[in-house]
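K.L.:
Requesting a structural model of the entry that follows:
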Amino acid sequence: MHHIYILITLVVIVTSQSDCRFAFKYTQEDLKTKPEVLSEFLKTVVQWESKFAKTIGIDAASGLTLDGQQLDVTTGEPYGPAHQFTASSKESIHVALLALALDNNTYAKLIYTEEEAVSLLERKIKTYENFDQDYPGYGGFLPWVAVNNGVVTPTWDWTDGVPSLDNGQLFWATYGLVAVLEKTNKYPDLTSRYTRFYTKMAQNAPKIFYEGGGLIRAVTKIKDVKLAVDKNQYTNRIQDCTDFNQPCYLDDPYEGELFAWMMHLFSPISTLDRDSIWIQKRTKLQSSQFTVKSTDKQITVEKGWWFSAHEQWKYLFFPYLSNQLQQKLVSNAEKARTWDAKQNGRPGMFASVTGNITSNSDQVYYFSDCGVQEVAFQKVSHDQLSAVWYHNMISGPAGQNQYGSTEGVTINGQSVSPFVTWDSKITTVLGIAGGIQDQISIKLFNEGLLKPVLQLLDKEWSSVFTDIKGTDIEFAYPDVKVPLIKKDFTTCQLQITE
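P.N.:
Take a look at the predicted model:
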């Protein structure tokens, strides 16, 4: 008796109704070796991410961002209301993206036309101005705010406080926007209004955030948010500190450093105070070595808090990469991230992220402590969560949805973080677009400030990084994938046909 074995070839195709599961149209090899394929892939990424940025991620009436949206774990449709709140950090991403659209950036203009960008910027600055008028005690800075169809108020936990870190990000996004507006010379009203906005932040920073001796408060407590700055009282809001008995300060060399640069360059403080800010920051500016186990070679990196990708935010907004030493450190940091994932058998890299859930009613947690333990100050707790090399991640189960990429996926492929947020999605888009540091660099140069910035960068970092190892080591590429165990969202499925 003869047995006939019929081999059935499985052909993977993307659903015809949307093409949102486009990751499977591309291979890792093509993305590595074919520039035209890489360009097409990145443009497709941006076009899908724009579906979040232009719809559920925005409050149309105010022009402000909405933090994010939970998705149904099965369908991928919006589940419940949007996160109707935002912060300066999310606003900074949006302002920078709008600026790049006005500057004819290849990727940003895929999201916004010039007319759309101008309209949003007009609504946004009007909202900023109205908030400042209603709550003068914030001094032009933004706390976390509730946003509901044009109505903007402090969230319940920020009625007496304001953070410095997020506002440093917004300051530089706005400064970069003004650089673009000055270049186009088409919108004088917007130019003057946004200039007043960032100038007010810099002018009020010492009164609101500075304690003297180089110490910048991480969060300031405001006596009366309805009272003008010059008549108000500001102190350290200790309840926000890790050690609730001690005040905390913005002394990190990560994204919080953007606020320090604002004060150093534009705030009315003495030369002694400017110098003191950088002296206070030296304790956490440390060199660390990551070891590539297969070769026992070391990669020198700037030691991270958790060494989360979130800490690299500053490179999108300030011209660090105009300094050669910084170029080496940024490159090395990303090498360490890729090798950490590869040599630990993970299909992705780490970032602070919203936790995974398996049902819509599950409690949602935010995991900040995701990173690389070997080169981190703090304990890294959530090793099981992975945000993968981008293509590898979105190729995982439910890695894509009708609004672009999904927040995150577990490395066992059994569950995802069914959320879409500005932090996880549009920082990626801003990175693809190249950030806004080039526009900021030109404006700093025109104002005679770029040279002293680069000199200070060289002074502070060269005293710590005297021997940078690993510049000759190549980046690692993923060699494992997320198992396709969880089913795709029903609105964005990878179909397998026989």
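K.L.:
any low-confidence regions in the protein?
P.N.:
For the chain, applying pLDDT under 70 flags the ranges 1-18, 243-245, 350-355, 357, 363-389, 495-498.
K.L.:
ranges for the helices of it?
P.N.:
Per DSSP state H, the chain carries helices over the ranges 28-33, 35-51, 88-102, 114-134, 165-184, 188-209, 257-266, 271-281, 324-343, 390-394, 427-432, 437-446, 450-462.
K.L.:
Quick check: closest non-adjacent residue to residue 128.
P.N.:
residue 197 (5.8 Å; CB to CB, 6 or more residues apart in numbering). Glycine gets a C-beta too; all of them are placed from N, C-alpha and C.
K.L.:
dump the residue contacts of the one you found.
P.N.:
125, 128-129, 140, 174 (CB atoms under 8 Å, 6 or more residues apart in numbering).
K.L.:
Tell me which residue is most central in this protein.
P.N.:
residue 427 (4.2 Å; CA atoms, centre = their mean).
K.L.:
Enumerate every residue touching the residue lying closest to it once chain neighbours are set aside.
P.N.:
Closest residue to residue 427 apart from its sequence neighbours, by CB to CB, 6+ apart: residue 93 at 6.0 Å. Counting by CB under 8 Å, 6+ apart, residue 93 touches 65, 173, 422-423, 426-427, 430.
K.L.:
between the residues you listed, which has the most around it?
P.N.:
When neighbours are taken as other CB atoms under 10 Å, the top entry among the contacts of residue 93 is residue 173 (29 neighbours).
K.L.:
residues near the residue lying closest to residue 453 once chain neighbours are set aside, how many?
P.N.:
Closest residue to residue 453 apart from its sequence neighbours, by CB to CB, 6+ apart: residue 444 at 6.2 Å. By other CB under 10 Å, 23 other residues sit near residue 444.
K.L.:
what ranges do the strands span in the stretch 351-498 of the chain?
P.N.:
353-354, 366-367, 385-388, 400-401, 404-405, 408-410, 416-417, 419-421, 494-497 (DSSP state E, counting those that start in this stretch).
K.L.:
one step back: from residue 228, how far out is the residue nearest to residue 427?
P.N.:
Distance, residue 93 to residue 228, by CB to CB, to the nearest Å: 30 Å.
K.L.:
cool, residue 33 as well?
P.N.:
Taken as CB to CB, the span from residue 33 to residue 228 is 60 Å.
K.L.:
returning to that earlier point: now do the contacts for the residue nearest to the centre of the chain.
P.N.:
Counting by CB under 8 Å, 6+ apart, residue 427 has contacts 93, 313, 316.
K.L.:
ok so, going back, my guess is the residue nearest to residue 453 meets residue 322, correct?
P.N.:
No - checked against CB atoms under 8 Å, the pair residue 444 and residue 322 is beyond contact range at 9.3 Å.
K.L.:
which residues are in contact with both of these two?
P.N.:
Joint contacts of residue 444 and residue 322 (CB under 8 Å, 6+ apart) are residue 450.
K.L.:
Residue 184: what's its closest spatial neighbour, skipping adjacent residues?
P.N.:
residue 102 (6.2 Å).
K.L.:
so how many other residues sit close to that neighbour?
P.N.:
Counted with other CB under 10 Å, residue 102 comes out at 23.
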